[in-house]
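Asker: Using only what follows, build the 3D model:
(one chain, ligands or ions: 2)
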Amino acid sequence: MKMSNIGVIGLGIMGKNIALNMLNHGFEVSGYNRTFERTKVLINENIPSFHGFEKLEDFVNSLEKPRRVFLMVPAGQSVDDVLVQLSELLEEGDIIMDGGNSYFEDTNRRHKQMDIHGLKYFGVGVSGGEEGALKGPSIMPSGDKDAYASIGKILEDISAKKDGEPCCTYIGPEGSGHYVKMVHNGIEYADMQLLAETYLILKYTAGYTNSEIADVLEQWNQGDVQSYLVDITVTVLREKDSVTEHDLVDVILDVAGNKGTGRWTSIEALRQEFNASLLTAAYQARIMSNQLALRDAYRKEITNDKKNVDIDKVHQAYKLAKTIAFAQGFDLYRDASNKYSWDLNLKQIAAIFRAGCIIQAKLLQDIMHAYDDGADDLLLYHVFKNEVLENAPALKEVIVQSIDLPLPVFTAALAYINQLTSTCLGANIIQGQRDFFGAHTYQRVDREGFEHHRWGSHE
Ligand SMILES: NC(=O)C1=CN([C@@H]2O[C@H](COP(=O)(O)OP(=O)(O)OC[C@H]3O[C@@H](n4cnc5c(N)ncnc54)[C@H](OP(=O)(O)O)[C@@H]3O)[C@@H](O)[C@H]2O)C=CC1
Ligand SMILES: O=C(CO)[C@H](O)[C@H](O)COP(=O)(O)O
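Answerer: Ligands and ions are numbered 1, 2, ... in the order given. Sure, this is the predicted structure:
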């Protein structure tokens, strides 16, 4: 038997398809799964370059050196469990890649732990879902730069391609790849929620059917808001239920799941003291959908009178809010890059998101142009600044027209714009209160320095 170029551990939805993708690109691939059943399924496909093993030791021994092992198991304890087993079998210089959605601080820790064993550890963000894993995902690898040479070819070969370029690039040290994937998912949550809110506006304010909403989104998808998420939302809206013959979306429970990346993005944004309000509002919307007792106690039929909705304005509002969501995500990268000294290449990150991944969108091309033009904070870039100022009235009008609908991310976008454009945020009052109760001091507009005041002495 030929030695394998790479081994995949965890042959579930993603791992199986990543392994098939590697096989399709001509690599010899070994496979191992905690329970042998899944490995057997792949063995039974009789792919000559696939070698499935029941014992981890045999799997490890089937790999050429330095061994390359790609993990695709759930984030958290599962990864640590596999690493304990692997570190006993692998040798100095071997490489482990964690392709799951691991928390980046865990990846930082594991990088150090594996280093003690002489193993090279890579956090590898992967985006693209089941289809992307098979046909080409967007891949965000991070770890020791010198060791990237040993894995770069495989990862770049199996990644999606845009204009002939791989949607995979070395991101930076330690857990930076998982950080980039985490915030990618934060942006994903925001864009998904914006599309869900667009659906609410078109359904309850405009009175459109699901199929009419799908037609609107299909039209939008030919233009400036083109994206994978808009595209799949069209399909989701048009799908029929085989049991009831209703539209499938009408029989899906109004409760959203999540596996943690959106929550981590919000937590990290707060830790960085960075306002990622749209990303956080989208995660909170998912939490809210699960508050069934509260919702049941207050629920009433939506009685919005049907109104003449200007679809162009909804389009403008969506475009604007989407731009702010992406800008918050990319500015969060910039902030993290400075804080953690990662030296992230933001233009490259935008570039590898353009194909294969869930947030692939035309907007990413504009973001690349902005970085080419020397943009730093994206909303200070003149193109995006003009867009915010031009489309803000439409966003306001759309929200006012649907004032009784739950639109947390659209309204977060409006609140953000109002914060940007307002001469006063009320922070003067906050500083007065803080100084009153805690002598925290404040700064004045007319002289330098921090001052404390004896409040009440000049009422
Ligand atoms: N689904 C998606 O769209 C995407 C998922 N991801 C990430 O990829 C990773 C895998 O996800 P996915 O393929 O969807 O998940 P699946 O549930 O389909 O597969 C999980 C795999 O991990 C194995 N596994 C579970 N627990 C352990 C454990 N304790 N020790 C060893 N192996 C274990 C399972 O083995 P067994 O058969 O024995 O249960 C199974 O093969 C996750 O981190 C996920 O967040 C990333 C991008 C997209
Ligand atoms: O990483 C992904 C897509 O990019 C996974 O599909 C992830 O599971 C999506 O997050 P959630 O399950 O929290 O909606």
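
Asker: got the residues of the chain near ligand 2?
Answerer: Asn101, Ser127, Gly129, Asn185, Glu188, Asn258, Lys259, Thr261, Gly262, Ile358 (C-beta under 6 Å from any ligand atom). Bear in mind the C-beta positions are built from the backbone N, C-alpha and C, glycine included.

Asker: what about the strands in the protein?
Answerer: Secondary structure of the chain (DSSP state E): strands at 6-9, 29-32, 50-53, 68-71, 95-98, 120-127, 138-142, 161-162, 165-166, 442-443, 450-451.

Asker: Next, format the ones you listed as CSV and append mean neighbour count.
Answerer: Below are the strands of the chain laid out as CSV (neighbours: other C-beta atoms under 10 Å):
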stretch, mean neighbour count
strand 6-9, 27
strand 29-32, 27
strand 50-53, 22
strand 68-71, 24
strand 95-98, 27
strand 120-127, 28
strand 138-142, 29
strand 161-162, 17
strand 165-166, 19
strand 442-443, 14
strand 450-451, 10
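
Asker: between these, which gets nearest to ligand 1?
Answerer: strand 120-127 (5.0 Å; C-beta to the nearest ligand atom).

Asker: and the direction of the closest one versus that of strand 138-142, what angle?
Answerer: Angle of strand 120-127 versus strand 138-142, following axes from the mean of the first three to the mean of the last three C-alpha atoms, to 10 degrees, is 160 degrees.

Asker: picking up where we left off before, I'd like the strands of the chain laid out as a markdown table, including mean pLDDT.
Answerer: Shown next, in a markdown table, are the strands of the chain (pLDDT from 0 to 100):
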| stretch | mean pLDDT |
| --- | --- |
| strand 6-9 | 98 |
| strand 29-32 | 98 |
| strand 50-53 | 98 |
| strand 68-71 | 98 |
| strand 95-98 | 98 |
| strand 120-127 | 98 |
| strand 138-142 | 98 |
| strand 161-162 | 98 |
| strand 165-166 | 98 |
| strand 442-443 | 98 |
| strand 450-451 | 98 |
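
Asker: Quick check: phi and psi on the residue in the stretch 51-200 of the chain that ligand 1 sits nearest to?
Answerer: Scanning the stretch 51-200 of the chain for the residue nearest ligand 1 gives Gly100, at 2.6 Å (criterion: C-beta to the nearest ligand atom). In terms of degrees, to the nearest 10, the main-chain angles of Gly100 are phi -80, psi -180.

Asker: Skipping adjacent residues, who's closest to it in space?
Answerer: Closest residue to Gly100 apart from its sequence neighbours, by C-beta to C-beta, 6 or more residues apart in numbering: Ala75 at 5.1 Å.

Asker: list the buried ones in the helix ranked longest in the chain?
Answerer: When the chain is parsed with DSSP state H, its longest helix is helix 311-340. Using 16 or more other C-beta atoms under 10 Å as the test for burial, helix 311-340 gives 313-337, 340.

Asker: Which secondary structure elements does that helix sit against?
Answerer: helix 176-200, helix 210-220, helix 261-271, helix 277-289, helix 346-352, helix 363-372, helix 382-401, helix 408-421 (3 or more C-beta pairs under 8 Å, 6 or more residues apart in numbering; DSSP states H and E).

Asker: okay, those helices, which one's buried deepest?
Answerer: Each of the helices and strands packed on helix 311-340 was scored by mean neighbour count; the highest is helix 176-200, a mean of 26, by mean count of other C-beta atoms under 10 Å.

Asker: Could you see whether ligand 1 lies near that helix?
Answerer: No. Helix 176-200 lies out of reach of ligand 1 by C-beta under 6 Å from any ligand atom, never closer than 7.7 Å.
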